[in-house]
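Q: Sequence first, then the predicted structure:
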Amino acid sequence: MDAGKTETGCDIDNQIDGIAKLAPVVALYAGKPEMLEKVEAATRVTQNNDLCVVVTLAAARFLEYYILNGPKSKCPGLQC
């Protein structure tokens, strides 16, 4: 934590708010190795809860795939 800064994330908030905030971060970092780290950091600003982070990271992976491959990409094993 930065000097002089206090913790802001709520550790008991299990709502899915992180998903509503992930689009700009994923759009900026899609395809880059640090994407999940950046999504986690953005989520923990308001929801410092492992369950929320895990769900948001999963949603980030889905969005990243769509951003990088588009809606008509070939999906192995799926009817696209």
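A: Right, received. Where do you want to start? Numbering: from 1, shown residues only.
Q: where does residue 43 fall, phi/psi-wise?
A: Taking degrees, to the nearest 10, you get phi -70, psi -40 for the backbone angles of residue 43.
Q: Can you get me a residue count around it?
A: As a burial measure, residue 43 scores 25 neighbours (other C-beta atoms under 10 Å). In short, each C-beta sits where N, CA and C put it, glycine included.
Q: Can you give the contact residues for whichever strand or helix holds residue 56?
A: Taking DSSP states H and E as the criterion, residue 56 maps to helix 50-69. Helix 50-69 has contacts (C-beta atoms under 8 Å, 6 or more residues apart in numbering) with 13-19, 22-23, 25-27, 30-31, 35-36, 39-40, 43-44, 47.
Q: how about 6 Å then?
A: The contact list for helix 50-69 (C-beta atoms under 6 Å, 6 or more residues apart in numbering) reads 14, 18-19, 22, 26, 30-31, 36, 39-40, 43.
Q: any chance of the residues you listed in TSV, with secondary structure, distance to residue 56 and pLDDT too?
A: Compiled in TSV, these are given as follows (DSSP: H, G, I helix; E, B strand; the rest coil; distance: C-beta to C-beta, whole Å; pLDDT from 0 to 100):
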residue	secondary structure	distance to residue 56	pLDDT
14	coil	12	78
18	helix	3	83
19	helix	6	89
22	helix	6	93
26	helix	10	98
30	coil	15	98
31	coil	18	98
36	helix	10	98
39	helix	6	97
40	helix	8	96
43	helix	5	92
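Q: thinking again about what came up before, which parts of the helix holding residue 56 are buried?
A: Across helix 50-69, burial judged by 16 or more other C-beta atoms under 10 Å covers 52-53, 55-57, 59-60, 63-64.
Q: out of those residues, which one sits closest to residue 71?
A: residue 63 (12.2 Å; C-beta to C-beta).
Q: For the nearest residue to residue 12 once chain neighbours are set aside, the count of nearby residues, please.
A: Closest residue to residue 12 apart from its sequence neighbours, by C-beta to C-beta, 6 or more residues apart in numbering: residue 49 at 7.0 Å. By other C-beta under 10 Å, the residues close to residue 49 number 20.
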